[in-house]
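K.L.:
Task: produce atomic coordinates for the following.
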Amino acid sequence: MSTYPSSRAAPTQIEDISNLLNTGEVPNLFDTGDMIAIGENVRTRARASRMDGSRADLFAFFVQEVRCLCVCVCLCVYVGVCVLQEIDGEA
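P.N.:
Now for the predicted structure:
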C-alpha cells in the first residue's frame, strides 16, 4: 500500500498553479474588498522594503511574496512525494 496520495490534479488546478507561478495571481480570484484587505495587510512589510503605498505597488509586493511562497510549497511537495516514493521502494 502506498503512503502518498495517488490523486492527480485537475487541469484547472494545474492552470491556477501555473498562473500563480507565472503572474502571481489567478484571474478573478480577488474582489475589490479582498484587494483592499491585501493592501492593508502588506503595507507595513512593503514600506520596510522601500515601496511607496500606492495600490499598484502594494499589490506588486503581494504578488512577489506569493510567488516566493508558492515556489517553496511546490518544492516541498515534490521533495515530500520523492521521499515517500523512496520509502515505498517505488523510486
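K.L.:
other SSEs contacting the top helix by length along the chain?
P.N.:
Taking DSSP state H as the criterion, the chain has its longest helix at helix 55-88. Using 3 or more CB pairs under 8 Å, 6 or more residues apart in numbering; DSSP states H and E, the elements in contact with helix 55-88 are helix 11-23, helix 32-48. Just so you know, the C-beta spots here come from the backbone N, C-alpha and C atoms, and that holds for glycine as well.
K.L.:
Run the angle between the last one and helix 55-88 for me.
P.N.:
Same thing as helix 32-48. Helix 32-48 and helix 55-88 are oriented at 90 degrees to each other (axes from the mean of the first three to the mean of the last three CA atoms, to 10 degrees).
K.L.:
For helix 32-48, enumerate the helices and strands it packs against.
P.N.:
Under the contact definition 3+ CB pairs under 8 Å, 6+ apart, helix 32-48 sits against helix 55-88.
K.L.:
Return the set of buried residues in the helix it packs on.
P.N.:
Buried residues in helix 55-88, defined by neighbour count with 16 or more other CB atoms under 10 Å: 57-59, 61-62, 66-67.
K.L.:
any chance of these in TSV, plus distance to Val26?
P.N.:
What follows is the buried residues of helix 55-88, written out as TSV (distance: CB to CB, whole Å):
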residue	distance to Val26
Asp57	21
Leu58	18
Phe59	14
Phe61	18
Phe62	13
Val66	10
Arg67	13
